[in-house]
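Q: Can you look at this prediction? I've put the sequence above it.
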Amino acid sequence: MMENVRVQPSLLAITIIMTAAAAAFGTASGASYTIGEPGGSWDLRTNLTAWASTITFHPADQLVFKYDASAHDVVEVTQAGYRSCSAASPVSAALRTGSDAVRLDGGASRRRRYFICSTPGHCAAGMKLEVRVTDDDAECTNRLPPPGPAQPGAPSGITICSGGPPVVIMTPGVVSYGAAPRSSSAGLGSVLATVVMMVSLLLGLAIV
């Protein structure tokens, strides 16, 4: 008599979730934003505050400043320097090449970044930029029931964190999602997806 193969529902659900998560993990990468585009740049004409308000910035994203180096520069300053349009105490050395890239780091102390043009009068005329970097790890808001019975003493439910592709963390009875690093490579994601699928299927197949 032919044997029947049954896949346990809870483990099948975990297999599907983890495989999808691994694929998403592999395609994630930091985004690059050219200041003011489309239609503007790092200059006196572009409404930089309005431009930044339309974008959700994440750790590992990159800001690209393109400008006339004979007239402008880029200086990262503190919040106080931003408000007073003062480059007297810069966070880092002034950028003056006309095409400069700045990477957005994570961490609580780097969630807001401030940039101004130090040419006299330019910052006061609007050539200043505040960038708010989303803290992906703090955006865990949704919780769903676990795919199977939880073990005694184990946490229950699925925590979903917004802000990026998910990373799956498994403990008995719980699957947790967190934001994946946006600089991950596609090759790593493909390997991870394959390994996860094989291991999960081996664990989830029951011969009856």
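A: Received the coordinates, thanks. Not measured: the values here are computed from a predicted model.

Q: Check the spacing between the residue nearest to residue 114 when sequence neighbours are not counted and residue 38 real quick.
A: Setting aside the residues directly before and after it, residue 114 is nearest to residue 82 in space (C-beta to C-beta, 6 or more residues apart in numbering), at 3.7 Å. Any C-beta I mention is one placed from the backbone N, CA and C, and that applies to glycine too. Computed as C-beta to C-beta, to the nearest Å, the residue 82 to residue 38 distance reads 25 Å.

Q: Need the three-state assignment for the residue nearest to residue 114.
A: Three-state secondary structure (criterion: DSSP: H, G, I helix; E, B strand; the rest coil) places residue 82 in helix.

Q: ok, now which ones touch it?
A: Contact partners of residue 82, counting by C-beta atoms under 8 Å, 6 or more residues apart in numbering, are 114-116, 128, 130.

Q: Over to residue 93: give its phi and psi.
A: phi -60, psi 150 (degrees, to the nearest 10).

Q: Show the pLDDT at it.
A: Per-residue confidence (pLDDT) for residue 93: 96.

Q: Also residue 31?
A: 95.

Q: One more: residue 176?
A: Note on residue 176: pLDDT of 45.

Q: hang on, residue 129 in a strand?
A: Yes. Assessed with three-state DSSP, residue 129 lies in a strand.

Q: List the beta-bridge partners for it.
A: For residue 129, the beta-bridge partners are residue 115 (DSSP bridges).

Q: Looks like it contacts residue 35 (just checking).
A: Yes. With contacts counted by C-beta atoms under 8 Å, residue 129 reaches residue 35, the gap being 6.8 Å.

Q: Give the residues shared as contacts by these two.
A: In contact with both residue 129 and residue 35: 42, 48, using C-beta under 8 Å, 6+ apart.

Q: thinking again about what came up before, kindly reformat the contacts of residue 82 as TSV containing distance to residue 66.
A: Output for the contacts of residue 82, formatted as TSV (distance: C-beta to C-beta, whole Å):
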residue	distance to residue 66
114	19
115	13
116	16
128	17
130	19
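
Q: Taking those, tell me the two that lie furthest apart.
A: Using C-beta to C-beta, the two most remote members of the contacts of residue 82 are 116 and 130, lying 9.9 Å apart.

Q: which of the two has more neighbours?
A: Taking neighbours as other C-beta atoms under 10 Å, residue 116 and residue 130 compare with residue 116 leading, 25 against 16.

Q: where exactly do the strands run in the protein?
A: Applying DSSP state E to the chain gives strands spanning 5-7, 32-34, 62-66, 75-77, 99-103, 112-116, 128-132, 140-144, 157-161, 166-171, 174-179, 205-207.

Q: pLDDT value on the residue nearest to residue 114, please?
A: Residue 82 is assigned 98 on the pLDDT scale.

Q: Over to residue 76?
A: Listed pLDDT for residue 76 reads 98.

Q: give the contact list for it.
A: Each residue near residue 76 by C-beta under 8 Å, 6+ apart is listed here: 90-92, 102, 113-115.
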